[in-house]
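S.K.: The following comprises the amino acid sequence and a computationally predicted model.
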Amino acid sequence: MAEVLPHELILEILSWLPVTSLMRFRCVSKTWKFLISNPYLVKLHFERSSRTPQILLLERQRYKSQCFLAGLDSLPCLIQNPAPSSCGRILPCPKPYKYNLFGSCNGLLSLHDSLFTNQYEEHWVCF
Amino acid sequence: MKMMKPYVWLQTSDDSIQQVEQEIAMFCPLICQEIIQKGMGSSKNCAICLPQQVSPAMLSLILDYCRFHQVPGRSNKERKSYDEKFVRIDTERLCELTSAADSLQLKPLVDLTSRALARIIEGKTPEEIRDIFHLPDDLTENVEVEEEHVDDRSVDDLLSFINGNDGGKLNILTILIFVFT
C-alpha cells in the first residue's frame, strides 16, 4: 500500500536536503515546485543548516583565489595541514580571481572582486 | 484523577486492541494526552483509538524506539548508533513510519525518519523521486525547463538598488551578479 505523505511531512524531509538537491527537485511535480518555494521551508532549512556551521576559507594566491567550505569539525585537521583543499569542499566561483568577502546574510555570501586596466575598471559582485 | 495503571490499552488502525506498558506508550505525546486528560486506555473497553496511520506493524516499531530511548543513562553514542540502525528499513516503510510517528506527535522520531528519507533521496533524479513518493509527472516538458528570468532593469536602477538611498558610495561600472543555486 503506497503511503502518500502530507505536505507538512514532505516539507520536513525537504528541510534536511542540501540546496542543490532542492533546486533539482523543483521539477519533480507541481506540488513539489510549490513546496520548495514555500517561505516556511526556507525558515526551517535555515534553522537546520545553522546548527552545523561551516567556515568559508579564502585561499589567496598571487593571481587567483579559491573559496573552500569546511565543517567546524575539520578545524583540527586544518590547523595541522593549512592547505584547505585537504579538508574542505571547493566552492565553485565563476572566475578564480581574488575575491574579498563583502558581506553575509543568513548564510548567503557576497564576494567582491575588481579588475583595473588603463581603459576600464571592472567590479564583480557575486552572491 | 484515576490511579496510574502500569498497562494501557491501544487500538490500532485494523481495529485490533493490545496491551502496552504505560510508561513506554506515554512517550508518545498523543497517547499521553489521552491518558492524562481523558482518562482513556485503562481497560479494553475504553482503549485509546490510535490515528489511521498507525498500523500494528508501525506501532510495534514505534514502541521499540520508545522502549530504547525511555531507559535513562544511555550515552549519546549509544542512542545515535541505535537510531542509525533503526532507520535501516526500506523506503516505503520509512514513509509509513514517518507518517505514523507524526500522527502520534513523536517529534524526535519524525526528525529521525525524515532525515533518513532526505539522505535516501538526496542524490536521486526527479524521475526516481516521483517513483518513491508516487507522484504524478504533472509538469509538462516545456515547463520543466526553467524559464529564464530576464532582469530588464538598467544598470543605473541596479546601482541605486544596491547602494540604497544614500547611493553613490560605490563606484561600480559593471556589475555581474551570479546566483549560486
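M.R.: Sure, I can see it.

S.K.: Could you use CA atoms for every contact and neighbour count after this?
M.R.: Noted.

S.K.: Which positions within the helix or strand B:Phe68 falls within qualify as buried?
M.R.: In this assignment (DSSP states H and E), B:Phe68 forms part of helix B:56-70. Neighbour-count burial for helix B:56-70, counted by 16 or more other Cα atoms under 10 Å in any protein chain shown, picks out B:56, B:58-59, B:62-63, B:65-66, B:69.

S.K.: Return it as PDB; C-alpha atoms alone will do.
M.R.: Extracted in PDB, the C-alpha atoms of helix B:56-70 (Å, rounded to 0.1, in the frame of the first residue of the first chain):
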ATOM      1  CA  PRO B  56       0.100  -2.700  14.300                       C
ATOM      2  CA  ALA B  57       3.500  -3.100  12.500                       C
ATOM      3  CA  MET B  58       4.200   0.600  12.800                       C
ATOM      4  CA  LEU B  59       3.100   0.600  16.500                       C
ATOM      5  CA  SER B  60       5.500  -2.200  17.300                       C
ATOM      6  CA  LEU B  61       8.300  -0.300  15.600                       C
ATOM      7  CA  ILE B  62       7.400   2.900  17.400                       C
ATOM      8  CA  LEU B  63       7.300   1.100  20.800                       C
ATOM      9  CA  ASP B  64      10.700  -0.400  20.200                       C
ATOM     10  CA  TYR B  65      12.000   3.100  19.600                       C
ATOM     11  CA  CYS B  66      10.300   4.400  22.700                       C
ATOM     12  CA  ARG B  67      11.500   1.400  24.800                       C
ATOM     13  CA  PHE B  68      15.100   2.000  23.900                       C
ATOM     14  CA  HIS B  69      15.000   5.800  24.500                       C
ATOM     15  CA  GLN B  70      13.000   5.700  27.600                       C
END
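
S.K.: residue ranges of the helices in chain A, please?
M.R.: A:7-14, A:19-24, A:30-36, A:39-49, A:75-80 (DSSP state H).

S.K.: residues near B:Glu128, how many?
M.R.: Residues near B:Glu128, counting by other Cα atoms under 10 Å in any protein chain shown, number 14.

S.K.: shaky segments in chain A?
M.R.: A:1-3, A:60-66, A:84-99, A:107, A:114-127 (pLDDT under 70).

S.K.: How are the strands of it distributed by residue range?
M.R.: Here chain A has its strands, by DSSP state E, at A:54-60, A:65-71, A:89-91, A:100-105, A:108-116, A:121-126.

S.K.: highest average neighbour count across the helices of chain A?
M.R.: helix A:7-14 (a mean of 19; mean count of other Cα atoms under 10 Å in any protein chain shown).

S.K.: Now do it and helix A:39-49, the angle between them.
M.R.: 40 degrees (axes from the mean of the first three to the mean of the last three Cα atoms, to 10 degrees).

S.K.: Which strands or helices does helix A:7-14 pack on?
M.R.: helix A:30-36, helix A:39-49, helix B:107-121 (3 or more Cα pairs under 8 Å, 6 or more residues apart in numbering or on different chains; DSSP states H and E).

S.K.: Nearest to A:Ser110, out of those?
M.R.: helix A:39-49 (17.4 Å; Cα to Cα).

S.K.: for that closest one, packing partners?
M.R.: helix A:7-14.

S.K.: Show residues contacting the helix it packs on.
M.R.: Residues external to helix A:7-14 that are found in contact with it (Cα atoms under 8 Å, 6 or more residues apart in numbering or on different chains): A:22, A:35-36, A:41, A:45, B:98-99, B:111, B:114-115, B:117-118.

S.K.: Kindly recompute the last result at 6 Å.
M.R.: B:114, B:118 (Cα atoms under 6 Å, 6 or more residues apart in numbering or on different chains).

S.K.: With stretch B:11-20 instead?
M.R.: For stretch B:11-20, using Cα under 6 Å, 6+ apart, the contacting residues are B:7-10, B:47-50, B:52, B:54-56.

S.K.: 10 Å instead?
M.R.: B:6-10, B:25-26, B:41-60, B:63 (Cα atoms under 10 Å, 6 or more residues apart in numbering or on different chains).

S.K.: Narrow these to those in helices?
M.R.: Among the contacts of stretch B:11-20, the members found in helices (DSSP H) are B:25, B:56-60, B:63.

S.K.: need the helix or strand of chain B with the lowest average pLDDT.
M.R.: helix B:141-144 (a mean of 51; mean pLDDT, DSSP states H and E).

S.K.: Columns distance to B:Ser75 on top of the helices and strands packed on helix A:7-14, output as JSON lines?
M.R.: Below are those laid out as JSON lines (distance: least, Cα to Cα, whole Å):
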{"stretch": "helix A:30-36", "distance to B:Ser75": "36"}
{"stretch": "helix A:39-49", "distance to B:Ser75": "23"}
{"stretch": "helix B:107-121", "distance to B:Ser75": "16"}
